[in-house]
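**Student:** how would this look folded up:
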Amino acid sequence: MSGVTDNMTERMSTQHAAKQFRVHERTIRRWIQSGKLKAEQIEGRWFVQVEDENVRGNGQPVQDNARDDGQDARLIEHLTDEISHLREQLARRDEQIDHLTQLLAMQSKTTAALIEQLDTSRAMIEDMRRRKLPLLKRVFRWT
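**Tutor:** Down below sits the predicted model:
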């Protein structure tokens with residue numbers, strides 16, 4: 001469906017523009033809000049105004065490059081900073097995991113040593129009980 005044409009400008013619905021530019025209709029609405037696409041509202045519906053020279057070969061609207069380059073540069077800088085920050089967080093978490101793994105290994109060794117001491121103490125107590133009974137029998141002359 002071709003829209004209304006004035007000189008080199010075509011007016012089309014947001015749905016048609018979405019198909020034309022091969023994007024979702026929400027993207028068309030965002031482009032309208034950000035000023036990347038000119039549009040007008042007629043009877044409650046948005047109609048995009050597309051001029052032939054304002055459409056790139058890939059179907060995306062041509063934007064003001066000076067404004068875009070600055071926005072793109074800021075976005076790239078922001079994303080680069082965010083990636084660096086996330087990498088630092090990941091490195092700190094890796095260090096924390098290594099530290100916790102070492103603590104867990106030490107705790108396991110300590111637990112094993114304590115269990116061994118407990119077993120030894122139990123064996124000693126049992127041995128003392130066995131020896132004490134015959135001694136008491138001799139002292140008190142129990143038969």
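
**Student:** Could you check how far Met124 is from Ala112?
**Tutor:** As judged by Cβ to Cβ, to the nearest Å, Met124 and Ala112 stand 19 Å apart. Placement of C-beta: from N, CA and C, glycine included.

**Student:** And for Arg11, the neighbour number?
**Tutor:** 19 (other Cβ atoms under 10 Å).

**Student:** Just the buried positions in the helix or strand hosting it, please.
**Tutor:** Per DSSP states H and E, Arg11 falls inside strand 9-13. By neighbour count on 16 or more other Cβ atoms under 10 Å, the buried set for strand 9-13 is Glu10, Arg11, Met12, Ser13.

**Student:** Of the residues you listed, just say which sits nearest to Gln102.
**Tutor:** Nearest to Gln102 among the buried residues of strand 9-13: Ser13, at 63.6 Å, using Cβ to Cβ.

**Student:** Count the residues that sit near Ala73.
**Tutor:** 10.

**Student:** how about the strands in this protein?
**Tutor:** Assigned by DSSP state E, the strands in the chain fall at 4-6, 9-13, 38-42, 45-51.

**Student:** Break the chain down into its structural domains.
**Tutor:** 4-62, 64-143 (automatic domain parsing).

**Student:** Out of the ones you listed, which one sits most buried?
**Tutor:** Highest mean neighbour count among the domains of the chain (mean count of other Cβ atoms under 10 Å): domain 4-62, with a mean of 15.

**Student:** quick one: least confident helix or strand in this structure?
**Tutor:** strand 4-6 (a mean of 45; mean pLDDT, DSSP states H and E).

**Student:** Just list the residues touching Leu90, thanks.
**Tutor:** Applying Cβ atoms under 8 Å, 6 or more residues apart in numbering to Leu90 gives no contacts.

**Student:** Check this structure for its longest helix and report it.
**Tutor:** helix 65-140 (DSSP state H).

**Student:** pretty sure His27 is touching Ala17, no?
**Tutor:** Just so we're on the same page, residue 27 is Thr rather than His. No - applying Cβ atoms under 8 Å as the test, Thr27 and Ala17 come out as separate, 9.4 Å apart.

**Student:** next one: phi and psi at Gln24?
**Tutor:** I think there's a mix-up here, since residue 24 is His and not Gln. phi -80, psi 150 (degrees, to the nearest 10).
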